[in-house]
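> The sequence isn't on hand, but the structure is:
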């Protein structure tokens, strides 16, 4: 009996990369946008609190994420912009933007974790409020919001990794929106029928000489 080897259909072979591209694109968009939103939200929340001790007594102080460090919020915005820019470039440009997206996520994670144990923001507030640079902060405690910001950074990092791995399969911005400096061919004016007054008026509106002189 003759052995017949099944030959895979070309369409089924192309369906694999196409499906992977669509799935990775959806996941990257979701994780990147969600990560940037989470990181920005977390930096607006309270990260630490304590009590400033001065000669006249003690008073409570709180510090938001933006008081501790502005890096996570700034990198979240950069990551969001890079996520959008991925579709405006191709080949080497897409690879560079994808790397920027991944680095933005990694930087957000690092900055948020460094700020999780920061006490400098509260000490600065204590010095400003009391007018005493030697004012100290007691009963210092931190919230979970820095770790929420770090989680947002991880989502941005995931989007960057997906862009680096599958970005070549993603669609690019339509060529009609790209400007390469090449002059576009001008349309030739439509022929004007001298027996049709409406054609004469349209030619005059376009700044053309209907007589052809």
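Done, it's in. Keep in mind that what you see is a predicted model, and the values were worked out from it rather than measured. Numbers count the residues shown, from 1 in each chain.

> how close does the spatially most central residue of the chain sit to residue 137?
Centroid-nearest residue in the chain, with Cα atoms, centre = their mean: residue 80, separated by 1.0 Å. Look at residue 80 and residue 137: by Cβ to Cβ, to the nearest Å, they are 34 Å apart. Glycine gets a C-beta too; all of them are placed from N, C-alpha and C.

> Okay, now the unreliable bits of this protein?
Counting by pLDDT under 70, the chain has low-confidence residues at 1-17, 55-56, 132, 134, 173-213.

> As a check, name the ranges of all helices in it.
Per DSSP state H, the chain carries helices over the ranges 10-43, 65-68, 71-85, 92-115, 120-130, 145-166, 197-205.

> For residue 52, find the nearest of those.
For the helices of the chain, the distance to residue 52 is smallest for helix 120-130, at 3.6 Å, taking Cβ to Cβ.

> what's that closest one packed up against?
Packing contacts for helix 120-130, counted by 3 or more Cβ pairs under 8 Å, 6 or more residues apart in numbering; DSSP states H and E, involve strand 46-54, strand 57-64, helix 65-68, strand 136-142.

> Neighbouring strands - and their directions - for the longest one?
Here strand 46-54 is paired, per DSSP bridges, with strand 57-64 (antiparallel), strand 136-142 (antiparallel).

> what's in contact with it?
Counting by Cβ atoms under 8 Å, 6 or more residues apart in numbering, the neighbours of strand 46-54 from elsewhere in the structure are 58-65, 67-68, 115-116, 118-119, 121-122, 125-126, 129-130, 132, 135-143, 145-146.
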